[in-house]
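Asks: Sequence first, then the predicted structure:
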Amino acid sequence: MSEPSHPTAAHAPTHQSQVLGESAAQEVQVPLVVRIKLAHGAVDHVLEEAGIRTLHFKGYAATEIFPADRASSDVDVIVDPAQAQRSLEALTAHGWTLVTNYAEGSIFRHAAALWHNHLGYVDVHRWVPGFTAPPDLVFDRLWSKHTSLDIAHWGCPVPARLDHVMLALLHAARDPNRGAHEAQTLWSGLSSAQRDELRSSVKDLGAEVAWFVATGEDLGADRDQAKVWSAIQDGSDRSELLSARLHAARGTRQKARLMGGALILNRSHLQIALGRKPGLLDYAQEYRVRIRSVLRHLRARS
């Protein structure tokens, strides 16, 4: 993720000036891997103190399913959906700054991004895209089987191994960069019995669409919704993605809501996409793209 207005996680320095005095102070770069691993512990401590159930996944929390030397640039956690807003309040009270809220982060409205000047990014998920089962049911099921993993000598709750593989596959279904490769790697490392267990979980939690896009295996996926996910995984532009979403929408009311939402500019998302603060020309261009997308769909349907 591109950082819109803060220093990036890779370049956020630690200063010694207050300790050594200005004349002796030197800028010290703490390696990114160290800061992100420390961030796992810090985030977990803050949310645990607030009484919020939290699961760490992906990145350095996924060493059981990915190579241990796999690099990560942020912390990803899933929180109890009922405590999603409280989790943001707890973190912002301890040095994190909200970059995008849940409604701004993606079309799934599933995660908020926060930035800490020393520890970098954390993405707080209130649910994981891909499941159609209620988020609280999904979280409770994941939590019921969770284990613990030491990250920077701090025990962090993580999903059980096969649950983690399932989450990683659902994420791969919407990752245009390395999703296809990661899905193949994860799938090839599973036994026949493990694949059967995952299939059962996918059907129980209603994740057939994302599963189909990630693995190519059809467990009863809605093909129109699969086109939306495929557009995301393929890195399709906003116009193509909107067309796929409108085609998959059920009923006039849902289509009208999507078209109306497409005309509302997400300023935070645009700033992240550009990697800088947008100007008037950027806003004008974004509106043109959105209006053209809606008109193109209306013409195609007429």
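Replies: Yep, it's here.

Asks: make it CA atoms for all contacts and neighbour counts henceforth
Replies: Will do.

Asks: Mind listing what's buried along stretch 226-239?
Replies: By neighbour count on 16 or more other Cα atoms under 10 Å, the buried set for stretch 226-239 is 226-234, 238-239.

Asks: can you put the residues you listed in TSV and add secondary structure?
Replies: Shown next, in TSV, are these (DSSP: H, G, I helix; E, B strand; the rest coil):
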residue	secondary structure
A226	helix
K227	helix
V228	helix
W229	helix
S230	helix
A231	helix
I232	helix
Q233	helix
D234	coil
R238	helix
S239	helix
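
Asks: Out of those, flag the one nearest to Y60.
Replies: Q233 (22.9 Å; Cα to Cα).

Asks: show me the contacts for the closest one.
Replies: 172-177, 179 (Cα atoms under 8 Å, 6 or more residues apart in numbering).

Asks: Provide a list of residue ranges in the stretch 51-200 of the chain with pLDDT below threshold.
Replies: In the predicted model of the stretch 51-200 of the chain, no residue satisfies pLDDT under 70.

Asks: could you redo the last one with a cut-off of 80?
Replies: The model of the stretch 51-200 of the chain has pLDDT under 80 over residues 68, 105.

Asks: Please, where are all the strands along the stretch 51-200 of the chain?
Replies: 54-56, 74-79, 97-100, 111-116, 120-125, 147-151, 154-158 (DSSP state E, counting those that start in this stretch).

Asks: Would you quantify the distance from the residue lying closest to A248 once chain neighbours are set aside to H153?
Replies: The spatial neighbour of A248 that comes closest, neighbours along the chain excluded (Cα to Cα, 6 or more residues apart in numbering), is D224 at 4.8 Å. According to Cα to Cα, to the nearest Å, D224 stands 45 Å off from H153.

Asks: The two: which is more packed in?
Replies: Using other Cα atoms under 10 Å, the more surrounded residue of D224 and H153 is D224, with 16 against 10.

Asks: thought the more buried one was touching H247?
Replies: Yes: the pair D224 and H247 passes the contact test of Cα atoms under 8 Å, sitting 7.0 Å apart.

Asks: Helices along the protein, start to end?
Replies: Using DSSP state H, the helices of the chain run over 17-20, 32-49, 84-92, 135-144, 161-172, 179-188, 192-204, 208-215, 223-233, 238-248, 251-262, 267-274, 280-301.

Asks: and those, which is most packed in?
Replies: helix 208-215 (a mean of 26; mean count of other Cα atoms under 10 Å).

Asks: Quick one, which of the helices of the chain gets closest to N117.
Replies: Across the helices of the chain, closest to N117 is helix 32-49 (Cα to Cα), at 10.5 Å.

Asks: as a whole number, average confidence for that closest one?
Replies: Throughout helix 32-49, pLDDT has a mean value of 97.

Asks: Ok, stretch 250-270 next?
Replies: Across stretch 250-270, the average pLDDT comes to 69.

Asks: picking up where we left off before, which one among the buried residues of stretch 226-239 gets closest to L190?
Replies: Using Cα to Cα, the buried residues of stretch 226-239 come closest to L190 at Q233, 22.5 Å.

Asks: Look up how far A173 lies from the closest one.
Replies: Q233 is 6 Å from A173, by Cα to Cα.
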